[in-house]
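In: sequence plus the predicted model coming up.
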Amino acid sequence: GQNIDQPTEMTATEGAIVQINCTYQTSGFNGLFWYQQHAGEAPTFLSYNVLDGLEEKGRFSSFLSRSKGYSYLLLKELQMKDSASYLCAVTDSGYALNFGKGTSLLVTP
Amino acid sequence: IAGITQAPTSQILAAGRRMTLRCTQDMRHNAMYWYRQDLGLGLRLIHYSNTAGTTGKGEVPDGYSVSRANTDDFPLTLASAVPSQTSVYFCASSDLAGEVDEQFFGPGTRLTVL
(Lines give C-alpha, C1' and ligand atoms only; values in the text may rest on other atoms or scores of the structure.)
Protein backbone atom coordinates (compact mmCIF):
# COMPACT_ATOMS: atom_id res chain seq x y z
CA GLY A 1 0.00 0.00 0.00
CA GLN A 2 0.89 3.66 -0.08
CA ASN A 3 0.63 6.46 2.48
CA ILE A 4 0.86 9.99 1.12
CA ASP A 5 0.80 13.02 3.40
CA GLN A 6 0.49 16.70 2.60
CA PRO A 7 -0.71 19.69 4.62
CA THR A 8 -4.45 20.28 4.48
CA GLU A 9 -4.39 24.05 4.05
CA MET A 10 -1.90 26.83 3.40
CA THR A 11 -2.21 30.57 3.00
CA ALA A 12 0.25 32.85 1.20
CA THR A 13 0.41 36.41 -0.06
CA GLU A 14 0.25 37.49 -3.69
CA GLY A 15 3.77 37.87 -5.09
CA ALA A 16 5.33 35.60 -2.47
CA ILE A 17 6.83 32.10 -2.71
CA VAL A 18 5.15 29.05 -1.19
CA GLN A 19 6.39 25.49 -0.76
CA ILE A 20 3.93 22.60 -0.50
CA ASN A 21 5.44 19.44 0.94
CA CYS A 22 4.51 15.83 0.28
CA THR A 23 5.85 12.77 2.03
CA TYR A 24 5.13 9.24 0.95
CA GLN A 25 5.69 5.66 2.02
CA THR A 26 5.27 3.17 -0.80
CA SER A 27 6.03 -0.46 -1.47
CA GLY A 28 7.29 0.53 -4.91
CA PHE A 29 8.02 3.80 -6.70
CA ASN A 30 7.75 4.67 -10.35
CA GLY A 31 7.17 8.42 -10.27
CA LEU A 32 5.55 11.32 -8.42
CA PHE A 33 3.07 13.76 -9.92
CA TRP A 34 1.70 17.12 -8.88
CA TYR A 35 -1.72 18.24 -10.07
CA GLN A 36 -3.60 21.50 -9.64
CA GLN A 37 -7.35 21.51 -9.10
CA HIS A 38 -9.49 24.64 -8.98
CA ALA A 39 -12.77 24.40 -7.14
CA GLY A 40 -15.41 22.60 -9.17
CA GLU A 41 -12.98 21.68 -11.92
CA ALA A 42 -10.91 18.68 -13.00
CA PRO A 43 -7.31 18.19 -11.89
CA THR A 44 -4.69 19.37 -14.36
CA PHE A 45 -1.11 18.12 -14.61
CA LEU A 46 1.68 20.31 -13.26
CA SER A 47 4.82 18.22 -12.93
CA TYR A 48 6.40 14.77 -12.84
CA ASN A 49 9.52 13.58 -11.01
CA VAL A 50 11.02 10.12 -11.19
CA LEU A 51 14.69 10.96 -10.49
CA ASP A 52 16.06 12.91 -7.54
CA GLY A 53 16.37 16.62 -8.05
CA LEU A 54 14.53 19.71 -9.13
CA GLU A 55 12.31 20.09 -12.18
CA GLU A 56 11.54 23.69 -13.11
CA LYS A 57 8.67 24.79 -15.28
CA GLY A 58 8.08 28.53 -15.31
CA ARG A 59 6.83 29.75 -11.94
CA PHE A 60 6.42 26.18 -10.69
CA SER A 61 9.18 23.80 -9.61
CA SER A 62 9.01 20.33 -8.13
CA PHE A 63 11.66 18.53 -6.11
CA LEU A 64 12.07 14.84 -5.31
CA SER A 65 14.20 12.89 -2.86
CA ARG A 66 13.49 9.20 -3.26
CA SER A 67 15.67 8.16 -0.31
CA LYS A 68 13.65 10.42 2.00
CA GLY A 69 10.26 9.74 0.42
CA TYR A 70 9.83 13.48 0.04
CA SER A 71 8.75 15.95 -2.58
CA TYR A 72 7.79 19.59 -2.66
CA LEU A 73 6.07 21.89 -5.09
CA LEU A 74 7.42 25.44 -5.16
CA LEU A 75 5.27 28.23 -6.50
CA LYS A 76 6.97 31.57 -7.15
CA GLU A 77 5.50 35.03 -7.77
CA LEU A 78 2.13 33.90 -6.50
CA GLN A 79 -0.94 35.13 -8.30
CA MET A 80 -4.53 35.15 -7.14
CA LYS A 81 -5.35 32.52 -9.76
CA ASP A 82 -2.98 30.11 -7.97
CA SER A 83 -5.61 29.68 -5.25
CA ALA A 84 -6.48 26.01 -5.74
CA SER A 85 -5.91 22.55 -4.36
CA TYR A 86 -2.56 20.93 -5.10
CA LEU A 87 -2.55 17.16 -5.29
CA CYS A 88 0.50 14.96 -4.79
CA ALA A 89 0.24 11.51 -6.40
CA VAL A 90 2.59 8.54 -6.49
CA THR A 91 2.63 5.58 -8.83
CA ASP A 92 4.29 2.26 -8.16
CA SER A 93 3.07 0.68 -11.38
CA GLY A 94 3.80 3.47 -13.84
CA TYR A 95 0.12 4.05 -14.51
CA ALA A 96 -2.38 3.86 -11.63
CA LEU A 97 -1.98 6.85 -9.30
CA ASN A 98 -2.41 7.04 -5.54
CA PHE A 99 -3.30 10.56 -4.50
CA GLY A 100 -2.76 12.39 -1.26
CA LYS A 101 -5.73 14.27 0.16
CA GLY A 102 -4.56 17.53 -1.37
CA THR A 103 -3.42 20.90 -0.05
CA SER A 104 -5.82 23.82 -0.35
CA LEU A 105 -3.82 26.99 -1.06
CA LEU A 106 -5.36 30.39 -0.52
CA VAL A 107 -3.53 33.37 -2.03
CA THR A 108 -4.43 36.66 -0.38
CA PRO A 109 -3.88 40.20 -1.68
CA ILE B 1 -10.85 20.05 -29.21
CA ALA B 2 -9.35 16.70 -28.22
CA GLY B 3 -9.97 15.51 -24.70
CA ILE B 4 -12.24 13.54 -22.42
CA THR B 5 -15.97 13.93 -22.11
CA GLN B 6 -18.16 12.62 -19.33
CA ALA B 7 -21.92 12.29 -19.12
CA PRO B 8 -24.05 13.19 -17.35
CA THR B 9 -22.65 16.34 -15.74
CA SER B 10 -24.72 15.69 -12.65
CA GLN B 11 -27.37 13.22 -11.57
CA ILE B 12 -29.66 12.65 -8.62
CA LEU B 13 -30.45 8.96 -8.23
CA ALA B 14 -32.71 6.94 -5.96
CA ALA B 15 -30.99 4.25 -3.91
CA GLY B 16 -31.24 0.84 -5.51
CA ARG B 17 -31.31 2.16 -9.07
CA ARG B 18 -28.79 1.17 -11.71
CA MET B 19 -26.67 3.93 -13.23
CA THR B 20 -23.99 4.09 -15.90
CA LEU B 21 -21.56 6.98 -16.06
CA ARG B 22 -20.15 7.49 -19.52
CA CYS B 23 -16.61 8.45 -20.45
CA THR B 24 -15.18 8.96 -23.93
CA GLN B 25 -11.73 10.10 -24.99
CA ASP B 26 -10.51 10.99 -28.46
CA MET B 27 -6.77 11.07 -27.78
CA ARG B 28 -6.29 7.37 -28.59
CA HIS B 29 -4.84 6.83 -25.13
CA ASN B 30 -4.46 3.18 -24.23
CA ALA B 31 -5.11 3.56 -20.50
CA MET B 32 -8.26 4.85 -18.79
CA TYR B 33 -9.24 5.28 -15.15
CA TRP B 34 -12.18 6.03 -12.90
CA TYR B 35 -11.74 7.96 -9.64
CA ARG B 36 -14.11 9.22 -7.02
CA GLN B 37 -13.41 12.37 -5.06
CA ASP B 38 -14.87 12.95 -1.64
CA LEU B 39 -14.26 15.85 0.73
CA GLY B 40 -11.43 15.02 3.10
CA LEU B 41 -10.52 11.81 1.29
CA GLY B 42 -9.06 13.03 -1.96
CA LEU B 43 -9.13 11.14 -5.25
CA ARG B 44 -9.43 7.38 -4.98
CA LEU B 45 -9.04 4.93 -7.85
CA ILE B 46 -12.08 2.73 -8.53
CA HIS B 47 -11.13 0.77 -11.65
CA TYR B 48 -8.64 1.11 -14.46
CA SER B 49 -7.92 -0.32 -17.89
CA ASN B 50 -4.47 -0.46 -19.46
CA THR B 51 -5.76 -1.41 -22.88
CA ALA B 52 -9.00 -2.26 -24.62
CA GLY B 53 -10.33 -5.59 -23.42
CA THR B 54 -8.64 -5.53 -20.01
CA THR B 55 -9.67 -3.98 -16.69
CA GLY B 56 -8.33 -3.95 -13.15
CA LYS B 57 -9.51 -3.05 -9.66
CA GLY B 58 -8.33 0.02 -7.86
CA GLU B 59 -8.54 1.02 -4.21
CA VAL B 60 -12.35 1.18 -3.92
CA PRO B 61 -13.94 -1.15 -6.52
CA ASP B 62 -16.86 -2.58 -4.52
CA GLY B 63 -20.26 -1.69 -5.94
CA TYR B 64 -18.83 -0.64 -9.30
CA SER B 65 -18.11 -2.40 -12.58
CA VAL B 66 -16.45 -1.30 -15.80
CA SER B 67 -15.95 -2.51 -19.33
CA ARG B 68 -13.54 -1.54 -22.08
CA ALA B 69 -14.90 -2.77 -25.38
CA ASN B 70 -12.86 -0.26 -27.42
CA THR B 71 -10.09 2.30 -26.97
CA ASP B 72 -12.31 5.35 -26.65
CA ASP B 73 -15.03 4.39 -24.16
CA PHE B 74 -14.84 3.36 -20.51
CA PRO B 75 -18.28 3.30 -18.83
CA LEU B 76 -18.66 2.91 -15.07
CA THR B 77 -21.76 1.11 -13.80
CA LEU B 78 -23.33 1.19 -10.37
CA ALA B 79 -25.53 -1.90 -10.32
CA SER B 80 -27.57 -0.87 -7.29
CA ALA B 81 -26.69 2.60 -6.03
CA VAL B 82 -26.29 3.33 -2.31
CA PRO B 83 -26.02 6.72 -0.56
CA SER B 84 -22.31 6.15 0.20
CA GLN B 85 -21.71 6.33 -3.55
CA THR B 86 -22.63 10.01 -3.51
CA SER B 87 -19.48 11.63 -4.86
CA VAL B 88 -17.83 13.41 -7.76
CA TYR B 89 -16.59 10.91 -10.33
CA PHE B 90 -13.67 11.69 -12.61
CA CYS B 91 -12.61 9.72 -15.64
CA ALA B 92 -9.02 10.03 -16.82
CA SER B 93 -6.80 8.68 -19.56
CA SER B 94 -3.09 8.40 -20.25
CA ASP B 95 -0.78 7.31 -23.03
CA LEU B 96 1.37 4.61 -21.48
CA ALA B 97 3.80 4.83 -24.39
CA GLY B 98 4.82 8.38 -23.50
CA GLU B 99 7.88 9.47 -21.52
CA VAL B 100 5.67 11.05 -18.88
CA ASP B 101 2.43 9.15 -18.37
CA GLU B 102 0.42 12.12 -17.16
CA GLN B 103 -3.26 11.53 -16.78
CA PHE B 104 -5.78 13.81 -18.42
CA PHE B 105 -9.02 14.22 -16.51
CA GLY B 106 -12.56 14.69 -17.72
CA PRO B 107 -14.81 17.41 -16.25
CA GLY B 108 -16.43 15.06 -13.74
CA THR B 109 -19.90 13.77 -12.90
CA ARG B 110 -21.51 14.87 -9.66
CA LEU B 111 -23.69 12.00 -8.42
CA THR B 112 -26.11 12.19 -5.52
CA VAL B 113 -27.75 8.99 -4.28
CA LEU B 114 -30.77 9.50 -2.05
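Out: Sure thing, it's come through.
In: any idea which residue sits dead centre in chain B?
Out: B:W34 (2.8 Å; Cα atoms, centre = their mean).
In: list the contacts of it.
Out: Contacts for B:W34 were tallied using Cβ atoms under 8 Å, 6 or more residues apart in numbering or on different chains; they are B:21, B:23, B:45-48, B:58, B:64, B:66, B:74, B:76, B:89-92. In this view, the C-beta of every residue, glycine as well, is placed from N, C-alpha and C.
In: give me the subset of those residues lying in strands.
Out: For these, the ones inside strands are B:21, B:23, B:45-48, B:64, B:66, B:76, B:89-92, with DSSP state E as the criterion.
In: interface residues of chain A facing chain B?
Out: A:31, A:33, A:41-45, A:48, A:87, A:89, A:91, A:94-102 (Cβ under 8 Å from any Cβ of the partner chain).
In: need the residues of chain B near chain A, please.
Out: Residues of chain B lying near chain A by Cβ under 8 Å from any Cβ: B:31, B:33, B:35, B:40-45, B:48, B:50, B:56, B:58-59, B:90, B:94, B:96, B:100-108.
In: buried subset of those as a ChimeraX selection?
Out: Of these, the buried ones can be selected in ChimeraX as follows, counting by 16 or more other Cβ atoms under 10 Å in any protein chain shown:
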select /B:31,33,35,42,43,44,45,48,50,58,59,90,94,101,102,103,104,105,106,108
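In: now, which of the residues of chain B next to chain A lie within strands?
Out: Members of the residues of chain B next to chain A lying in strands (criterion: DSSP E): B:31, B:33, B:35, B:42-45, B:48, B:56, B:90, B:94, B:104-105.
In: make JSON lines out of the residues you listed and add pLDDT.
Out: Formatted as JSON lines, those follow (pLDDT from 0 to 100):
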{"residue": "B:A31", "pLDDT": "93"}
{"residue": "B:Y33", "pLDDT": "96"}
{"residue": "B:Y35", "pLDDT": "97"}
{"residue": "B:G42", "pLDDT": "89"}
{"residue": "B:L43", "pLDDT": "94"}
{"residue": "B:R44", "pLDDT": "95"}
{"residue": "B:L45", "pLDDT": "94"}
{"residue": "B:Y48", "pLDDT": "95"}
{"residue": "B:G56", "pLDDT": "94"}
{"residue": "B:F90", "pLDDT": "98"}
{"residue": "B:S94", "pLDDT": "92"}
{"residue": "B:F104", "pLDDT": "94"}
{"residue": "B:F105", "pLDDT": "96"}
